[in-house]
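A.B. asks: 3D model of this:
(4 chains)
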There are 2 protein chains.
Amino acid sequence: MVSAPESSSTSTATLNRLSVYLRCLQELLRAGASTISSHALAERFHLSSAQIRKDLAQFGEFGIRGVGYEIAPLAERLHHLLGLDRKRRLVIVGMGQLGTALAGYIHFNDASFEVVAGFDNDPEKIGRKRRGVPVYSTDQLERVIQETGAEIAVLTVPATAAIECQEALAGAGVRAVLNFAPVLLPERGSMRVKNVDLRTYLEEASFLLSAPLP
Amino acid sequence: MVSAPESSSTSTATLNRLSVYLRCLQELLRAGASTISSHALAERFHLSSAQIRKDLAQFGEFGIRGVGYEIAPLAERLHHLLGLDRKRRLVIVGMGQLGTALAGYIHFNDASFEVVAGFDNDPEKIGRKRRGVPVYSTDQLERVIQETGAEIAVLTVPATAAIECQEALAGAGVRAVLNFAPVLLPERGSMRVKNVDLRTYLEEASFLLSAPLP
DNA sequence: TCATGTGAAGCAGTTCACAGCG
DNA sequence: CGCTGTGAACTGCTTCACATGA
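C.D. replies: Next comes the predicted model:
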């Protein structure tokens, strides 16, 4: 038994699975279960049980041989590991259709994240609230982000504006961006970027439909 | 010179890059360029030039040694390859905030995709149009999909409803799903699934913010 | 006995480095 | 000469298989 190494590097793939495991564990907990084996978990996600054990073993020995994992402490561990016991503030840049919808969606779905501000260039929107979120001019980006202490940004602006927005966000100290604009934004310095390119996803679907059935 | 192999298997990663290359080529074409080298492309995307050459070489020899790639024919080739010269019909299941926003977004952004129907359980919405898209009861899913010939579905329903929706879609003959519900839907038979899990993305960001700076 | 934790093997995708050709 | 096309090396993730321990 070793006290959790915790560090080195956890891959994105592993991280995303942990997020999914956590939700599953929370559900099991609500349903009154107390332990679960890697095999049982694997079945739910159509993964291999070894995958799950490897994922979990990175952070210390959490399982009980012959039995499985205790759900409650494991869930708590993952919750902490993902940094979810601390509420994260985020801003939405581009309060159009999609930005506004995401503001509501995040607010409604996720207790660990708080949408503290939206930005837009449309004078009609500036100074009002949309879905409970105050909308500021994009000029105010740096000031508002520093005042609110936001750490994450969701980018829902047109492709042409995305790069300059990213620069402004980097300047304001934002360290994580979810980019919905259809451009591949690069990581820059300490800023992490997750590109969520709807267009690419649709085109992937289109390709698969054209291809012969597997 | 070999006539394009075209087949075997193209990985998702490659496919997604092709989608991005295509948009870049179209932009270059509008700007009046006629050829581009793998190095110049690589610079734009912060990729290696070898990566780009490998990606493109899968479909035949398209480059001119000592020069680079001719933009127009390459763009046309990729466009065809991704199946974009054929208009794809899609439906949105769950016409809430997010579903409605996506309907507008796709319609506005992408000439190759047509949103032909939305589905929801809310009687208030059924029978009306939202963002130009007629909304039907979820009961009608199979009938409407077969009548419209939709091939792609965007899932924006609550997590609890996602699995049964997937089954209904599979039954209706839909072969590609973009799932925005926060559950990991499995591929089933010939149905391809792309999970776009906002919650996981946010939690990934949260983890990275907690972790020491790289 | 049964399920975990883990080295070793396997596989996939990326990068390297250079031969080949315009 | 410059840039493509490509085998070979490399990197990192996944799966296997088994020793270990409750």
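A.B. asks: Tell me where chain A has strands.
C.D. replies: A:35-36, A:63-64, A:68-70, A:88-93, A:113-120, A:129-130, A:133-137, A:152-155, A:176-179, A:192-195 (DSSP state E).
A.B. asks: which one of those strands is the most hemmed in?
C.D. replies: Comparing those by mean neighbour count (mean count of other C-beta atoms under 10 Å in any protein chain shown), strand A:152-155 ranks first with a mean of 27. All C-beta atoms are positioned from the backbone trio N, CA, C, and that covers glycine.
A.B. asks: start to end distance for stretch A:73-90?
C.D. replies: Its start and end residues considered, stretch A:73-90 measures 28 Å (C-alpha to C-alpha, to the nearest Å).
A.B. asks: Report the beta-bridge partners for the residue nearest to residue A:127 when sequence neighbours are not counted.
C.D. replies: Leaving aside its sequence neighbours, residue A:127 sits nearest to residue A:135 (C-beta to C-beta, 6 or more residues apart in numbering or on different chains; 7.0 Å). Per DSSP bridges, the residues bridged to residue A:135 are residue A:118.
A.B. asks: pretty sure residue A:92 contacts residue A:114?
C.D. replies: No - at 11.6 Å, residue A:92 does not count as touching residue A:114 under the criterion of C-beta atoms under 8 Å.
A.B. asks: Domain boundaries for chain A, per the record?
C.D. replies: Recorded structural domains for chain A (assignment: automatic domain parsing) are A:7-81, A:88-200.
A.B. asks: could you list every residue that touches the residue nearest the centre of chain A?
C.D. replies: Centroid-nearest residue in chain A: residue A:178, 7.9 Å away (criterion: C-alpha atoms, centre = their mean). By C-beta atoms under 8 Å, 6 or more residues apart in numbering or on different chains, the residues touching residue A:178 are A:152-155, A:194, A:196, B:198, B:201-202, B:205.
A.B. asks: Residue ranges in chain A under the pLDDT threshold?
C.D. replies: A:1-8, A:212-214 (pLDDT under 70).
A.B. asks: Up against DNA strand C, what does it have?
C.D. replies: Applying C-beta under 7 Å from any atom of the strand, we find that chain A lies next to DNA strand C at A:2, A:37-39, A:49-50, A:53-54, A:56-57, A:61-69.
A.B. asks: Among the residues you listed, name the ones in helices.
C.D. replies: Members of the residues of chain A next to DNA strand C lying in helices (criterion: DSSP state H): A:38-39, A:49-50, A:53-54, A:56-57.
A.B. asks: Tell me the buried residues within those.
C.D. replies: A:38, A:53, A:56 (16 or more other C-beta atoms under 10 Å in any protein chain shown).
A.B. asks: Spatially nearest residue to the last one, not counting backbone neighbours?
C.D. replies: Spelled out, that is residue A:56. According to C-beta to C-beta, 6+ apart, the nearest residue to residue A:56 is residue A:62 (5.7 Å).
A.B. asks: could you measure the one you found against residue A:55, distance?
C.D. replies: Shown here: residue A:62 relative to residue A:55, a distance of 11 Å by C-beta to C-beta, to the nearest Å.
A.B. asks: These two - which one has more neighbours?
C.D. replies: residue A:55 (21 against 16; other C-beta atoms under 10 Å in any protein chain shown).
A.B. asks: what residues are up against that one?
C.D. replies: For residue A:55, the contacting residues are A:14, A:17-18, A:21, by C-beta under 8 Å, 6+ apart.
A.B. asks: now residue A:22
C.D. replies: Contacts here follow C-beta under 8 Å, 6+ apart; on that basis residue A:22 touches A:75, A:78-79, A:82, B:203.
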